[in-house]
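1. Predicted model and sequence below, questions to follow.
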Amino acid sequence: MSKEDIITLPHPSLRQKSKKITFIDDDVKKLVDKMQDSTLDWESKREHEIGVALAAVQINDLRRVVIIKNNFEDKSDKSYQVYINPKVIKYIGKVEEDFEGCLSVKDLYGKVPRHSKVKVEAIDLDGNTIRVTAEGFLARVFQHEIDHTNGILFVDHIKNNKDNFYKLKSDGQLEQADYDKIIQENNIFRD
């Protein structure tokens, strides 16, 4: 699998809700492998970015599966945790703005409001129910990926705040994006 497997806006699948998985079989396990391979390939082509997480819809598979990298700080760590049918069961923390990017939104970042702490419930690859209390960046990642399973992208949270859009420069730094140009050149917002 390769980074070409990752779909980007305005692909219509990104705006659809993913379906709940009722049975974990070899096909689901193959999906997880494909997601990991695609994410790692995407990451290998970027000097300043890490493939932190991916939802199955991002490789055009409308099943509720999310993978999240075990170590966000280490590009050499190739391991991911799998969450099947993930859902936020409780928003706990205060809402804070911070930067987010997305493998399915090319070259655009945003300063997105999210809860700083959430409780998440999901199923692992063995079919066991798992519960996670996530704080900080991990809480943000869970909310971002669970949004994907509901057809929502980070740009939808900030579409009315033009000052919250950024572009990645070649040196890895973010700079304010030209909002009007984004609107003219891209079809990234939900109708």
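-> Everything's here; your move. Numbering: from 1, shown residues only.

2. tell me the SS of the residue nearest the centre of the chain?
-> Nearest to the mean C-alpha position of the chain, by Cα atoms, centre = their mean, lies E145 at 4.1 Å. Judged by DSSP: H, G, I helix; E, B strand; the rest coil, the three-state class of E145 is helix.

3. Give the closest residue to it in space, chain neighbours not counted.
-> Take E145 and drop its neighbours on the chain: the residue closest to it by Cβ to Cβ, 6 or more residues apart in numbering is V66, 4.3 Å away. Placement of C-beta: from N, CA and C, glycine included.

4. Isn't the residue nearest to the centre of the chain up against K69?
-> No - with contacts counted by Cβ atoms under 8 Å, E145 stays clear of K69, the gap being 11.2 Å.

5. shared neighbours of the two, anything?
-> Common contacts of E145 and K69 (Cβ atoms under 8 Å, 6 or more residues apart in numbering): A53.

6. residues making contact with the host helix or strand of V132?
-> According to DSSP states H and E, V132 maps onto strand 129-135. With contacts defined as Cβ under 8 Å, 6+ apart, strand 129-135 is touched by 83, 89, 92-93, 116-124, 141-142.

7. Show me which of the residues you listed are buried.
-> Buried members of the contacts of strand 129-135, counted by 16 or more other Cβ atoms under 10 Å: 83, 116-120, 122-123, 141-142.

8. what pairs with E175 across the strands?
-> K167 (DSSP bridges).

9. For the worst-scoring helix or strand of the chain on mean pLDDT, buried residues please.
-> In the chain, the helix or strand scored least confidently by mean pLDDT, DSSP states H and E is helix 179-185, which has a mean of 77. Using 16+ other Cβ under 10 Å as the burial criterion, the residues of helix 179-185 that qualify are I182.
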